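> coords below, sequence missing:
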């Protein structure tokens, strides 16, 4: 059984999607639609932009979504997929490929999400940090002991949990982790994603989701918030919205997909981050990547 997965923010690179565009008329058509929907030439930024250009949230999230969906569509990856999932932003790619919403509507929501998250980041100084070599429960205890906003944000794989919160809260958490002889790395981000500090963005995204038509789907999506399979459009919308202020349970998602019978993982989109995370959960699991 094939599990089809889609990457999140951070997978971008200069030149992303160019090979797909040059090799496929279908890809050309989707890129043209994307430029029209966004109102700027994202195709040129993806193909020729600098790393700095691609770091802008308003560009990064749509670029990764476009690349991921185009890679899946051109390679017809959904045809034999038994289940899908996406890491954070990648959940929108997974939903579009599974048929829960159209490519166009998915891109509009991703654009709303990106801009809303950037505005939320601008309201208050915040950041994230990766904690390595600690059990999830130990990291959760560190977060709970700090009298500030610090929460688990990304359960990426066994022994790798990203925390999110205020600048002062993250600094205190890093110090507490280092006191225990463990490794903590502050990430180069300007926001506390998947934390209560994203509440303004959640409110803004809710308006967009309510105006967007969703469909029930046949291929179950394992969503970030629950790490469980969903096919009902109302459940999908609720979980998609909650994702902004809740942790991405990616470790649990991979484990649940394997327990449900996944025999191979296929990553669609830029980079190979998720393929690496799968191998850390189960080194014997076959993985492949389409970009």
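Thanks, I have it. Every value quoted in this text rests on a predicted model; they were computed, and no experiment measured them. Residues are numbered from 1 along each chain as shown.

> Name the residues of the helix or strand of the chain with the lowest mean pLDDT that are buried.
Lowest on mean pLDDT, DSSP states H and E among the helices and strands of the chain sits helix 51-55, with a mean of 89. For helix 51-55, the neighbour count (16 or more other Cβ atoms under 10 Å) marks 53, 54, 55 as buried. For glycine as for every other residue, the C-beta is placed from the backbone atoms N, C-alpha and C.

> what does the model give the residue nearest to residue 261 when sequence neighbours are not counted for pLDDT?
With sequence-adjacent residues excluded and distances taken as Cβ to Cβ, 6 or more residues apart in numbering, residue 261 is closest to residue 1, at 4.7 Å. Looking at residue 1, its pLDDT stands at 97.

> Is residue 1 in contact with residue 266, as I believe?
No: using Cβ atoms under 8 Å, residue 1 is not in contact with residue 266; the gap is 11.1 Å.

> so how far is residue 12 from residue 250?
Between residue 250 and residue 12 the computed distance is 18 Å (Cβ to Cβ, to the nearest Å).

> Which one of those two is surrounded by more residues?
residue 250 (28 against 24; other Cβ atoms under 10 Å).

> Could you tell me the model confidence score at that one?
For residue 250, the pLDDT comes out at 98.

> Spit out the contact partners of it.
Residue 250 makes contact with 87, 154, 155, 156, 157, 224, 277 under the criterion Cβ atoms under 8 Å, 6 or more residues apart in numbering.

> run the last query once more with 7 Å
87, 154, 155, 156, 277 (Cβ atoms under 7 Å, 6 or more residues apart in numbering).

> helix, strand or coil for the closest residue to the first one other than its chain neighbours?
Which is residue 87. Spatial nearest neighbour of residue 87, excluding adjacent residues (Cβ to Cβ, 6+ apart): residue 8 at 4.0 Å. Under the three-state scheme (DSSP: H, G, I helix; E, B strand; the rest coil), residue 8 adopts coil.

> and residue 8, backbone torsions?
phi -110, psi -160 (degrees, to the nearest 10).

> ok so, going back, next SSE after the least confident helix or strand of the chain?
Sequence-wise, the next helix or strand downstream of helix 51-55 (DSSP states H and E) is helix 57-74.

> List the buried residues of that following helix.
The neighbour-count check on helix 57-74 (16+ other Cβ under 10 Å) flags 57, 59-74 as buried.

> Wait, residue 17 touches residue 48, no?
No: contact between residue 17 and residue 48 fails when scored by Cβ atoms under 7 Å: they sit 11.3 Å apart.

> who has more neighbours, the two?
The neighbour comparison of residue 17 against residue 48 (other Cβ under 10 Å) goes to residue 17, with 27 against 12.

> Could you check the pLDDT of the spatially closest residue to the more buried one that is not a sequence neighbour?
Using Cβ to Cβ, 6+ apart and skipping the chain neighbours, the partner closest in space to residue 17 is residue 67 (4.4 Å). On the pLDDT scale, residue 67 is placed at 98.
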